[in-house]
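Undergrad: Show me the folded form of this:
(2 chains)
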Amino acid sequence: MSVRPAAGGWGAEGCTVRFTSARGVVTALSDISLAVPRGQVTAVVGGDGAGKTTLLRVLAGRVTPGSGRVSAPDAHDMGFMPSASGVWRELTVDENLEFVGRAYGVRGARLAARRRTLLERADLLDAADRLSGRLSGGMRQKLGFCLAMIHEPELLILDEPSTGVDPVSRVELWRMIAETAATGRAVVMSTTYLDEAERVASVLVLDGGYALYAGDPRNIGSAVPGCVVRGAAAVVAGQAAWRRGPETHAWFAAEVPAGSEGVADPDMEDAVIALTLAHDARAADPRAAT
Amino acid sequence: MLAMIIKEFRELRRDRRTLAMLLALPVLLLIVFGYAANFHITSLTAAVVGPGAAQVEQQIAANPQAAGHLDIVATDPSGDVAAARSYLADAKANVAVYVGGAKPVVYIDGSSLFAAQSAQVLVASLGSKVDSEILFNPQLKTSWVMVPALVGLILTFIGMLVTSIGLVKERQNGTLEQLAVMPFRPSAVIAGKIAPYFVLAAADMLAVTLLGVWIFKVPFNGSPLLFALGGAIFLFVVLGLGVLISTISQTVGQAIQTAMFVLMPQILLSGFIFPLAAMPAGVRWIGYLLPLTYFAKISQGIMLRGAGLSSLWPAFVILTVMAVVAFGAAVLRFQRSIAPVRSRAGRSPGGKLGDGTAEQGVEVLKGATP
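TA: Now for the predicted structure:
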């Protein structure tokens, strides 16, 4: 299934994944493509059930898509951090590193060196003897990252690494993620935090298995059809609106209503909400497609 | 408070295991203690051996009281005392009567505790017309009969519970997912996960057997090698059951609950507390489906009667079939949980439920929601 990419990185192309559940056939991914180039962080964004985890599992080889192509390195060159951090709670930090290291053939002096580097960067050196089950959520996620990185993989797949992590640990985690990409590795991560998605090189926004946007996060505003308005005009009966701080924002499929103030360039959060609303509107009425 | 009660009932309704426990356990206990729990054995199997065998058989048949209690399974006029004893060692009869000396001698199999007690009553009613001897467990000690079967019960308990807990934890913590993407062969993951429990359970078996022999002075008359072989086969059955339990449990609590369901009938219906021979046929067949029934036969046979493969082979064969089925199914189910999940092929949005991919689909959906 794994094929070497032509150049520059890994990814998935036109992948569709369907599962059978108690509710019938569920489309988890619908014709999704994702490029994961070397040397940068790629983020998959979306709410619960958007298909983020399924897409990462496709890349990791845990889900075989019904159609589409996947290019990913061999298991030895891949690091995977599941959303539950993938840490063995009844083992200490050191024992976790040793076990995963040995599984990837990292032992002896190399293991000792990797251990030191990773624990130092994760600020976990003092916790090396502690049971992983006793670590705080943030520390455990950082350990999960270290485990995924122990063998210096070419492709690093992180499933919601920062969910439930305190702000300080989140900063440390992000520093480690950015440093990893800077050394020329391909990093793909999923997140529900849009501020995180704003800082990566490339983002894929998913909703219900569909791609709403793919590309540079700084250009997402221009991909929004219709317009986002704010202020008093946003409060219109029957119109879906959302709060941003003290303000109310709303999305209109057509032009800006008279006498209201349009948001010139919607930011990530506005754009993702507007794109979701636009997608829902299209799904409800296919003729109104923009 | 009403809100609290309604909420509790709603939760209970969805917790099928607890519900099953509430409904099935009373029924099971009622049936077992109402019908099956019977220490009193009314019918004994008997072998009549020696030159006067045919004559004695006729006497027994003519005596309505004896005929009602004794079921003659073999008449062997050419056999000697050793032949009479071997009927008991091979568990072919509860009592063997040797008719060749001055007085008939009744040999009683002491390894079947309750049958032996019935036989004692019968012999006592005959007064001084016969001599009797209890073989294998002359003092009819309960511990001698219990300890060999307890070895099996302890193995079932530990093997099943510890294995399923170990595996469910791996699933619950999300580390099974981690193992699945690591460069291990599926066979290495399975073997690496189960081998430690096999070793631990085997060590436990050795310890319990040695302690039983040492503390309770239970004899060990048969071949330790054959005992070890039986134990190993039995271990595959219980470890297989443990893995199967783990694949249908999401939490440690559920695994323990399910294990209790498998364990309860083994305690009550495997014949090690209540003799199978005293159960009505309607309940007895359950006992014949339980692995512990056969291991108890093997361990009691080897330890107390010094029985060999020539008489124990049916139990070995049945246990081996159980091991192949349980362990095979366990390996397949476990392998599937770490193998890549295949998407449904095709592009048509329709689909039917329960078309084979259902379970895989459910598993993925579970994985997809953190």
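Undergrad: make it CA atoms for all contacts and neighbour counts henceforth
TA: Noted.
Undergrad: for the stretch 151-300 of chain B, what spans make up the helices?
TA: B:175-181, B:186-215, B:224-247, B:252-269, B:281-287, B:291-305 (DSSP state H, counting those that start in this stretch).
Undergrad: Least confident of those helices, on average?
TA: Comparing mean pLDDT across those, the weakest is helix B:281-287, with a mean of 83.
Undergrad: For the stretch 151-300 of chain B, list the residues in contact with chain A, please.
TA: B:170, B:173-175, B:177-178, B:180-184 (CA under 8 Å from any CA of the partner chain).
Undergrad: With neighbour count and distance to A:L194 added, can I get these in a markdown table?
TA: Formatted as a markdown table, those follow (neighbours: other CA atoms under 10 Å in any protein chain shown; distance: CA to CA, whole Å):
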| residue | neighbour count | distance to A:L194 |
| --- | --- | --- |
| B:E170 | 21 | 31 |
| B:N173 | 18 | 27 |
| B:G174 | 21 | 25 |
| B:T175 | 19 | 27 |
| B:E177 | 24 | 26 |
| B:Q178 | 24 | 26 |
| B:A180 | 21 | 30 |
| B:V181 | 22 | 28 |
| B:M182 | 22 | 30 |
| B:P183 | 17 | 33 |
| B:F184 | 15 | 36 |
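Undergrad: What is the distance between the host helix or strand of B:A83 and the centre of its chain?
TA: In the assignment (DSSP states H and E), B:A83 maps to helix B:81-89. The chain centre lies 26 Å from the centre of helix B:81-89; the measure is CA atoms, centre = their mean, to the nearest Å.
Undergrad: is A:T20 in a bridge, and if so with what?
TA: A:T20 has these beta-bridge partners by DSSP bridges: A:V25.
Undergrad: Tell me, how many residues neighbour it?
TA: Look at A:T20: counted by other CA atoms under 10 Å in any protein chain shown, it has 26 neighbours.
Undergrad: That one reaches B:V341, doesn't it?
TA: No - contact status for A:T20 versus B:V341: not in contact, 11.6 Å apart, counting by CA atoms under 8 Å.
Undergrad: one step back: name the helices or strands packed onto the next helix-or-strand element following the helix holding B:A83?
TA: Per DSSP H and E, the first helix or strand lying C-terminal to helix B:81-89 is strand B:95-98. Judged by 3 or more CA pairs under 8 Å, 6 or more residues apart in numbering or on different chains; DSSP states H and E, the packing partners of strand B:95-98 are strand B:44-49, helix B:81-89, strand B:105-109.
Undergrad: can I assume B:L239 is in contact with B:P196?
TA: No - the pair formed by B:L239 and B:P196 falls short of the contact definition of CA under 8 Å, at 10.9 Å.
Undergrad: which of the two has more neighbours?
TA: Comparing B:L239 with B:P196 by neighbour count (other CA under 10 Å), the higher total belongs to B:L239, at 29 against 12.
Undergrad: Show me the shaky parts of the stretch 1-150 of chain A.
TA: Within the stretch 1-150 of chain A, the set of residues satisfying pLDDT under 70 comprises A:1-8.
Undergrad: Torsion angles phi and psi at A:A122?
TA: The phi and psi torsions at A:A122 (degrees, to the nearest 10) take the values phi -90, psi 0.
Undergrad: For the closest residue to it other than its chain neighbours, which residues are in contact?
TA: Beyond its immediate neighbours in the sequence, the residue positioned closest to A:A122 (CA to CA, 6 or more residues apart in numbering or on different chains) is A:K142, lying 6.1 Å away. When contacts are counted by CA atoms under 8 Å, 6 or more residues apart in numbering or on different chains, A:K142 touches A:122, A:169, A:173.
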